[in-house]
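[1] Build me a model from this:
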Amino acid sequence: MKDLLKPTIKITILSFCGILLSFISQLLVAYYFGTSSGRDAYFSAIVLPTYFVAILTGSIGFVFLPKVIELKNINEDSARKFINTVLVATTLVMVVLIFLGLLFSESILKITAPGFNAEMIVYTQNLFRILLFSSMFFVLTNLISYLYQIKKKFVRTALAPLISIPIGIFFIIILNSHIGIMSLAIGTLLGSIISLLMVLPILFTKEFRFDFHIDVFDSNFFSTIKLCVPLLLGGIVFRSAPVFERMIASELESGSISILGYSAQLISTLSTIATSGIVISFFPSMSEAWIKDTNLFNQYFNKGILIILLLIIPIAFSFVLYGDVFIQILLERGAFTHQDTLALSETFALMTPALVMLCLGGITSKIYYISKRTLDLTIISSFELVSYLSLTYFLSRYYGYIGIAIGTSLAYSLFMLVYFFYGTIFILKKYNHKMIFIESLKIILISVFSFIFSYLFYTVVSDEINKYWALIFSLLIAFILYLFLLYKFKNLEIISFVQKLKKLKNN
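    Sure, this is the predicted structure:
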């Protein structure tokens with residue numbers, strides 16, 4: 001597992017760069033559009049393109065990588081043939097989906113945004129048509145990126161999705177005054193095209209030579225489709241949560257979609273920090289370990305969970321305790337008012353359990369993909385969606401968008417436990433639950449103590465000095481205390497990291 005440290009650190013650093021760019025982007029978007037009806041329209045327009053990307057990358061993508069690894073160990077030509085068939089077939093599927101989306105765009109939006117009036121439907125429709133095309137390029141970029149991961153080359157795949165962010169920023173700046181939020185849609189489309197161009201070179205190498213070949217009767221492709229069908233069907237069901245969220249929120253007060261959309265973007269951004277480097281670098285090794293050594297697979301799995309918890313728990317506490325200050329610093333200017341800040345900080349605080357569970361799901365779901373137990377995943381996910389819809393719809397009737405935030409956290413938390421225990425009991429079987437429970441509890445308790453102590457310090461000094469300096473000092477205290485206590489209580493990940501730093505210093 002030592003060979004995973006370097007790529008994990010590299011990807012995490014690039015993820016932080018992505019976070020910085022994303023914050024700049026969100027700052028501009030919030031400045032120009034706030035929680036306006038135009039922002040509501042954009043969030044409603046992008047939900048289906050994002051849905052298509054999630055379904056295809058969450059089904060074909062996660063089955064694609066283990067299958068390519070398996071075939072490369074048997075026959076290089078079979079692997080190349082399989083890769084070509086998957087990429088061409090996926091492109092054709094996306095072309096059909098885009099055509100249908102363009103043809104029935106008005107009818108689709110009347111279903112997904114039932115609370116919008118005729119004028120809002122037309123405005124959203126124009127955004128939707130542009131963003132549909134970006135979905136195809138994002139899907140292909142994701143699939144081709146797996147080929148780099150197989151070769152243990154992670155930097156290019158981490159850089160590719162970052163390209164779309166500065167392009168979006170550029171178009172907002174130069175075109176916002178002329179076409180409004182349409183500028184963001186155009187920037188997203190061009191960014192998705194350039195992201196794809198960044199990863200294409202691997203298809204022109206001798207090892208992965210692409211020749212537009214498609215053979216739908218290939219036995220390897222056919223067996224992969226059989227595995228993907230439950231995931232596709234399940235994806236249509238359980239990945240539809242954001243679509244239903246927008247449907248429910250479109251009938252609430254104006255700005256509700258925007259508040260939930262900003263919260264979702266924060267969750268996506270923070271989960272990227274906590275999981276991207278780990279999941280991307282661990283997935284190929286976990287796939288190989290499953291074939292060769294299940295004990296090694298368990299070690300990868302446990303290490304992945306604990307590292308994610310080490311990162312995401314303090315991040316979650318930071319935003320629960322200091323979220324209003326963070327959001328005020330980042331977004332409160334221009335069209336984004338102080339009232340928007342308070343609404344967003346409250347909503348996001350209620351969604352932090354969902355953030356933690358989403359991050360853990362990034363590594364836990366790999367049990368199902370790698371073991372090819374995709375049907376089990378689909379069945380559990382279907383129950384999750386029913387619970388999510390029931391909770392969010394019921395709570396939104398009484399508490400508006402806040403109810404949706406509460407329902408999301410409740411549903412995600414409950415079913416993350418189901419995914420974990422079903423996977424470890426019925427798929428991994430010989431699994432040490434006691435160890436992971438003790439180590440996880442240790443991380444959580446140390447986080448609680450460290451951040452509550454720092455928040456008490458903040459409440460005392462924020463009246464005496466500038467609150468931004470008070471925030472910086474408080475967070476420094478929290479993270480120093482957090483790392484110190486983890487080291488003292490013998491957290492293996494922190495001890496291992498410290499030892500590696502000492503070796504680097506001595507060398």
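[2] give me every residue that touches the residue nearest to Thr337 when sequence neighbours are not counted.
    Leaving aside its sequence neighbours, Thr337 sits nearest to Gly34 (C-beta to C-beta, 6 or more residues apart in numbering; 6.7 Å). From N, CA and C alone the C-beta is placed, and that goes for glycine too. By C-beta atoms under 8 Å, 6 or more residues apart in numbering, the contact list for Gly34 reads 258, 334-337, 340.
[3] Helix, strand, or coil at Leu200?
    For Leu200, the secondary-structure state derived from DSSP: H, G, I helix; E, B strand; the rest coil is helix.
[4] That one: neighbouring residues, count only.
    Neighbour count of Leu200, defined by other C-beta atoms under 10 Å: 13.
[5] re the thing from before, now intersect the contacts of Gly34 with the helices, please.
    258, 340 (DSSP state H).
[6] which of the contacts of Gly34 are buried?
    258, 335-336, 340 (16 or more other C-beta atoms under 10 Å).
[7] contacting residues around stretch 395-409?
    Here stretch 395-409 makes contact (C-beta under 8 Å, 6+ apart) with 241, 245, 248-249, 252-253, 256, 259-260, 263, 343, 346-348, 350-354, 357, 388, 391-394.
[8] Which secondary structure elements does the helix or strand hosting Ser183 sit against?
    Assigned by DSSP states H and E, Ser183 belongs to helix 182-199. Contacts defined by 3 or more C-beta pairs under 8 Å, 6 or more residues apart in numbering; DSSP states H and E place helix 182-199 against helix 37-56, helix 118-150, helix 155-159, helix 164-179.
[9] returning to that earlier point: the contacts of Gly34 into a markdown table, with extra columns for pLDDT and distance to Leu270?
    Below are these laid out as a markdown table (pLDDT from 0 to 100; distance: C-beta to C-beta, whole Å):
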| residue | pLDDT | distance to Leu270 |
| --- | --- | --- |
| Ser258 | 85 | 19 |
| Gly334 | 79 | 23 |
| Ala335 | 79 | 24 |
| Phe336 | 84 | 19 |
| Thr337 | 86 | 23 |
| Asp340 | 88 | 19 |
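[10] Give the PyMOL command for selecting the buried subset of the contacts of stretch 395-409.
    Listed next is the PyMOL selection for buried residues among the contacts of stretch 395-409, using 16+ other C-beta under 10 Å:
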select buried, resi 241+245+248+249+252+256+259+260+263+343+346+347+348+350+351+352+353+354+357+388+391+392+393
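[11] Can you tell me which of the contacts of stretch 395-409 end up in helices?
    Residues of those located in helices (DSSP H): 241, 245, 248-249, 256, 259-260, 263, 343, 346-348, 350-354, 357, 388, 391-394.
[12] domains in this structure, as residue ranges please.
    The chain breaks down into these domains under automatic domain parsing: 2-431, 432-507.
[13] thinking again about what came up before, nearest to Ile312 among the helices and strands packed on helix 182-199 would be which one?
    With C-beta to C-beta as the criterion, Ile312 lies closest to helix 155-159 of the helices and strands packed on helix 182-199, at 18.5 Å.
[14] Pretty sure Val86 is one of the things Phe64 touches, is it not?
    Yes. Using C-beta atoms under 8 Å, Phe64 is in contact with Val86, at 6.0 Å.
[15] any shared contact partners between these two?
    The contact sets of Phe64 and Val86 overlap at 143, 224 (C-beta under 8 Å, 6+ apart).
[16] Where does pLDDT dip in the stretch 151-300 of the chain?
    The stretch 151-300 of the chain contains residues with pLDDT under 70 at 154-155, 216, 238, 277.
[17] Quick check: buried residues in the helix or strand where Leu330 lies?
    Element membership of Leu330, judged by DSSP H and E, is helix 294-331. By neighbour count with 16+ other C-beta under 10 Å, helix 294-331 contains the buried residues 297-298, 300-331.
[18] And stretch 470-480, by the same measure?
    Burial within stretch 470-480, assessed by neighbour count using 16+ other C-beta under 10 Å, is assigned to 470-471, 473-475, 477-478.
[19] For that stretch, which outside residues touch it?
    Contacts to stretch 470-480, defined as C-beta under 8 Å, 6+ apart, come from residues 314, 317-318, 322, 325, 450-451, 453-455, 457-458, 461-462, 464.
[20] Could you work out the most separated pair of the residues you listed?
    Across these (C-beta to C-beta), the longest gap, 25.2 Å, separates Pro314 and Glu464.
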